[in-house]
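Trainee: coordinates only, sequence not included:
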């Protein structure tokens, strides 16, 4: 059984194209971070990329939360 928050999120993913786009992009950044985290050693460029990806992922999460909070209708 899903919580009310999960139901709102699921509805947004089904009916709001902007939310869906942000969610998919967030997933791509998460996958790239997972790939970097499997390495036992990161180069300086990889460390910078890791920080960049974390910031981008957080920005997307904030944007998704704003959409959920506003109850923005489907695009």
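Mentor: Done, it's in. Nothing here was measured: the structure is a model prediction, and the numbers come from that model.
Trainee: immediately after the lowest-mean-pLDDT helix or strand in the chain, which helix or strand?
Mentor: The weakest-scoring helix or strand in the chain, judged by mean pLDDT, DSSP states H and E, is helix 4-15 (a mean of 81). Downstream of helix 4-15, the first helix or strand assigned by DSSP states H and E is helix 17-37.
Trainee: Quick one: list the elements packing against the next helix or strand after that following helix.
Mentor: Going down the chain from helix 17-37, the next helix or strand is helix 44-70, by DSSP H and E. Helices and strands touching helix 44-70, by 3 or more C-beta pairs under 8 Å, 6 or more residues apart in numbering; DSSP states H and E, are helix 4-15, helix 17-37. Using the backbone N, CA and C atoms, a C-beta is placed for each residue, glycine as well.
Trainee: could you redo the last one with a cut-off of 6 Å?
Mentor: For helix 44-70, the elements it packs on are helix 17-37, judged by 3 or more C-beta pairs under 6 Å, 6 or more residues apart in numbering; DSSP states H and E.
Trainee: what's the distance between the helix it packs on and the middle of its chain?
Mentor: 5 Å (C-alpha atoms, centre = their mean, to the nearest Å).
Trainee: ok, and for it, which residues are buried?
Mentor: Residues of helix 17-37 classed as buried: 19-20, 22-23, 25-26, 29, 32 (neighbour count, 16 or more other C-beta atoms under 10 Å).
Trainee: nearest to residue 54, of these?
Mentor: residue 29 (8.2 Å; C-beta to C-beta).
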